[in-house]
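Asks: Got a predicted structure here, sequence first:
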Amino acid sequence: MEFTRESLRLVLFFCFKEGDTATGTHRRVCAVFGEETCSLATVKRWFAEWRSGSERLADLEHTGRPQGKSHAEEIADIFEEYPFSSAHYIAETLGVARTTVRRTLKDTLHLKHV
């Protein structure tokens, strides 16, 4: 059986409220649902969160890089539109390092001479 993150956290939170330890909870969950269900580090992290007074079960919002086109897709788009553009031009346009552009052109787009 595969858990959603929220349902797994509910099981972990139940064990936490029952007074079980993080290691004991991890051992029990893995024995019942399989070793790949969760890591001990995950259980310890959630137990520490709940010990600090939080009763949150949901993920926090992530503020990382917004999902969009990958650098490889953006580089390919520019290169397709302007096939004679330099790595310097593409890097400046996208705001990435020239080495990133060169590596992408060579490894991802399989161009031999960059």
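Replies: Structure's in. What do you need?

Asks: tell me which residues of the one helix or strand in the chain whose mean pLDDT sits lowest are tucked away?
Replies: Scoring the helices and strands of the chain by mean pLDDT, DSSP states H and E places helix 71-81 at the bottom, with a mean of 85. Neighbour counts over helix 71-81 (16 or more other C-beta atoms under 10 Å) mark His71, Ala72, Glu74, Ile75, Ala76, Ile78, Phe79 as buried. (Glycine included, C-beta is placed from N, CA and C.)

Asks: May I see the residues you listed arranged in TSV, with distance to Glu35 as well?
Replies: Listed next are the buried residues of helix 71-81 as TSV, based on distance: C-beta to C-beta, whole Å:
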residue	distance to Glu35
His71	36
Ala72	35
Glu74	40
Ile75	40
Ala76	40
Ile78	45
Phe79	45
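
Asks: which one of those residues sits closest to Gly34?
Replies: Among those, Ala72 lies closest to Gly34 (C-beta to C-beta), at 35.3 Å.

Asks: returning to that earlier point: so what touches the least confident helix or strand of the chain?
Replies: With contacts defined as C-beta atoms under 8 Å, 6 or more residues apart in numbering, helix 71-81 is touched by Lys69, Ser85, Ile90, Thr93, Leu94, Val96, Thr100, Val101, Thr104, Leu105, Thr108, Leu109.

Asks: and that helix, how far out from the chain's middle?
Replies: Averaging C-alpha positions (C-alpha atoms, centre = their mean, to the nearest Å) puts helix 71-81 24 Å from its chain's average.

Asks: Take the contacts of helix 71-81 and lay them out in TSV including neighbour count, distance to Thr37 and secondary structure.
Replies: Shown next, in TSV, are the contacts of helix 71-81 (neighbours: other C-beta atoms under 10 Å; distance: C-beta to C-beta, whole Å; DSSP: H, G, I helix; E, B strand; the rest coil):
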residue	neighbour count	distance to Thr37	secondary structure
Lys69	11	34	coil
Ser85	14	49	coil
Ile90	23	44	helix
Thr93	14	45	helix
Leu94	16	40	helix
Val96	15	38	coil
Thr100	16	37	helix
Val101	27	41	helix
Thr104	23	37	helix
Leu105	20	42	helix
Thr108	14	35	helix
Leu109	13	40	coil
